[in-house]
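Engineer: please work out how this folds:
(one chain, ligands or ions: 2)
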Amino acid sequence: MNVLIVGSGGREHALAWKAAQSPRLQRLFVAPGNPGTAQCAQNIPIHADDAPTLVAFAREHAIDLVIIGPEQPLAAGLSDELRAAGIRVFGPSRAAAQIEASKAFSKAFMARHHFPTARYTTVTGVPAALECLRTVGYPVVIKASGLAAGKGVIIPESNAEAEAALRRIMVAREFGAAGAEVVIEERLQGEEVSLLAFSDGVTVSPMPPARDHKRLRDGDTGPNTGGMGAYAPAPLCPPDMVVEFTRTILQPTVDGMRAEGVPFVGVLYAGLILTRDGVRVLEFNCRFGDPETQPLMLLLESDLLEIADACASGRLANIEIKWKAGAAACVVLASEGYPEKAITGRAISGLENPLTNAVVFHAGTRLENGRVVTAGGRVLGVTGCGDSLEHAIRRAYAVVGAVRFEGMQYRRDIADCGNGLLREADKRMGNGLANG
Ligand code: AMP
Ligand code: GLY
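Structural biologist: Ligands and ions are numbered 1, 2, ... in the order given. Below you'll find the predicted structure:
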């Protein structure tokens with residue numbers, strides 16, 4: 001099988017790393033990829049948003065299957081264009097991608113299908129938004145409706161902050177067109193879990209539940225980021241809960257989308273929060289999570305290409321998906337200044353990973369005169385697996401201890417048991433502690 005993976009982050013490196021192990025694989029391309037994907041695939045210099053060139057490439061190179069990583073090309077209709085050219089695609093259509101790309105669509109869908117979710121109002125003008133703030137009797141979260149690279153959610157601490165947030169989104173247009181419509185939502189309290197599932201539009205197969213660390217600094221402090229680490233399976237969502245949420249949330253979502261004429265093919269990602277009153281859906285994403293995919297690919301025992309191909313051709317019910325026992329965890333190494341303004345171009349050392357059961361996934365890196373240097377906010381996702389979460393995180397931090405670049409910042413409490421372990425590793429490696 002000739003396969004093209006679209007994207008260039010840590011998620012895509014993890015997908016390429018796993019796809020490269022498939023006995024079905026003939027040739028693997030990543031567009032545009034990064035120095036990590038170049039180790040297991042052939043990078044091709046086509047941007048993920050350049051649909052016409054991607055379609056032409058897929059035709060010329062007899063690509064059998066395209067796996068699309070990021071949400072922007074999905075929301076822009078890349079899978080529709082590929083399908084129109086007769087190419088199989090793992091990833092939802094533009095219409096189905098709205099479940100992520102429009103929070104207004106997503107909330108209305110949840111309301112139509114009676115899913116448990118936060119109470120909300122969708123507004124399009126500042127006066128209506130201010131009126132809504134005055135009348136709702138609960139603490140709120142303010143969300144730009146469109147895609148905002150994970151930054152369009154503001155959790156205000158006061159009414160004044162809420163009003164300021166509305167003006168940032170709707171008047172200053174900090175998130176561009178994504179802020180034309182705003183969702184004002186009830187603020188919920190609880191632990192969060194990411195439940196991702198494969199789907200072919202009919203059948204749903206959940207992955208181990210994952211947990212993502214969104215805040216920059218230890219103890220869940222500092223600004224929100226794209227994710228500073230992740231692990232799976234999350235002990236707070238045991239197997240019986242996964243069965244329950246598949247029955248009450250994931251399957252009805254796929255059934256509802258199909259019934260509305262927009263079958264969902266690809267990865268359905270439910271962001272859930274476990275409140276005192278039960279589970280609530282915070283959001284849906286239409287793709288693999290980043291960094292959740294990094295630990296998930298280490299845990300996947302089955303052939304990723306068999307699964308993706310079965311989803312793309314409506315045969316998911318015919319295959320069995322196996323996951324390894326144990327756990328996996330990913331620690332993200334980020335650039336100085338991330339998430340506001342990442343400083344890039346710094347040489348990275350210590351990338352030679354001496355451990356088995358650990359992989360250094362590249363995210364924001366590039367080659368400069370034959371050396372790997374930093375090229376983005378999230379630079380690397382060091383991922384380990386083991387019999388237990390503790391083994392997995394211990395492995396990941398042992399590898400982290402060897403990697404260096406100027407200004408490197410990372411959390412020492414991924415999976416909540418990193419702290420002591422990393423200090424030990426640091427002592428051994430003579431490494432300075434990042435993040436103070
Ligand atoms: P979203 O992009 O909708 O997942 O939001 C990003 C993050 O904002 C979530 O992972 C939560 O931590 C937080 N968040 C979103 N909606 C709510 C809510 N209704 N109540 C509390 N926190 C929320
Ligand atoms: N890690 C969160 C996301 O991929 O949306």
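Engineer: can you count the residues close to the residue in the stretch 101-250 of the chain positioned nearest to ligand 2?
Structural biologist: Per CB to the nearest ligand atom, residue 227 is where the stretch 101-250 of the chain lies closest to ligand 2, at 3.7 Å. Backbone N, C-alpha and C define where each C-beta goes, glycine included. Residues near residue 227, counting by other CB atoms under 10 Å, number 23.
Engineer: quick one: contacts for it?
Structural biologist: The contact partners of residue 227, by CB atoms under 8 Å, 6 or more residues apart in numbering, come to 150, 212, 213, 214, 289, 290, 291, 292, 332, 378.
Engineer: any idea which helix or strand carries it?
Structural biologist: For residue 227, there is no host helix or strand (DSSP states H and E).
Engineer: the nearest residue to residue 105 once chain neighbours are set aside: which element?
Structural biologist: Leaving aside its sequence neighbours, residue 105 sits nearest to residue 98 (CB to CB, 6 or more residues apart in numbering; 4.4 Å). Assignment of secondary structure by DSSP H and E places residue 98 within helix 94-101.
Engineer: and the closest residue in space to residue 100 that isn't next to it in sequence, how many neighbours does it have?
Structural biologist: Leaving aside its sequence neighbours, residue 100 sits nearest to residue 286 (CB to CB, 6+ apart; 4.2 Å). A count of nearby residues for residue 286, using other CB under 10 Å, gives 25.
Engineer: how about the residues of the stretch 1-150 of the chain by ligand 1?
Structural biologist: Proximity of the stretch 1-150 of the chain to ligand 1, by CB under 6 Å from any ligand atom, involves residues 118, 141.
Engineer: could you do the stretch 201-350 of the chain as well?
Structural biologist: Residues of the stretch 201-350 of the chain lying near ligand 1 (CB under 6 Å from any ligand atom): 214, 271, 282, 283.
Engineer: how many residues are close by the first one?
Structural biologist: In this case it means residue 214. If you count neighbours by other CB under 10 Å, residue 214 ends up with 17.
Engineer: can I assume it is in contact with residue 228?
Structural biologist: Yes: with contacts counted by CB atoms under 8 Å, residue 214 reaches residue 228, the gap being 7.3 Å.
Engineer: going by neighbour count, which residues in the helix holding residue 98 are buried?
Structural biologist: Using 16 or more other CB atoms under 10 Å as the test for burial, helix 94-101 gives 94, 95, 96, 97, 98, 99, 100, 101.
Engineer: near ligand 2, anything from it?
Structural biologist: No: using CB under 6 Å from any ligand atom, we find that helix 94-101 stays clear of ligand 2, coming within 8.5 Å at best.
Engineer: tell me which helix or strand comes right after that helix.
Structural biologist: As assigned by DSSP H and E, the chain's next helix or strand after helix 94-101 is helix 103-112.
Engineer: which residues touch that next one?
Structural biologist: Residues from elsewhere that reach helix 103-112 (CB under 8 Å, 6+ apart): 98-100, 117, 120, 122, 143-146, 181, 183, 185, 253, 256-257, 260, 281, 283-284.
Engineer: do stretch 53-64 as well
Structural biologist: By CB under 8 Å, 6+ apart, stretch 53-64 touches 1-4, 6, 27, 29, 31, 44, 46-48, 66, 78, 81-82, 85, 87-88, 309.
Engineer: distance from that stretch to the middle of the chain?
Structural biologist: On the basis of CA atoms, centre = their mean, to the nearest Å, stretch 53-64 is displaced by 26 Å from the centre of the chain it belongs to.
Engineer: what's the mean pLDDT across the helix or strand residue 132 falls within?
Structural biologist: Element membership for residue 132, per DSSP H and E: helix 126-135. For helix 126-135, the mean per-residue pLDDT is 79.
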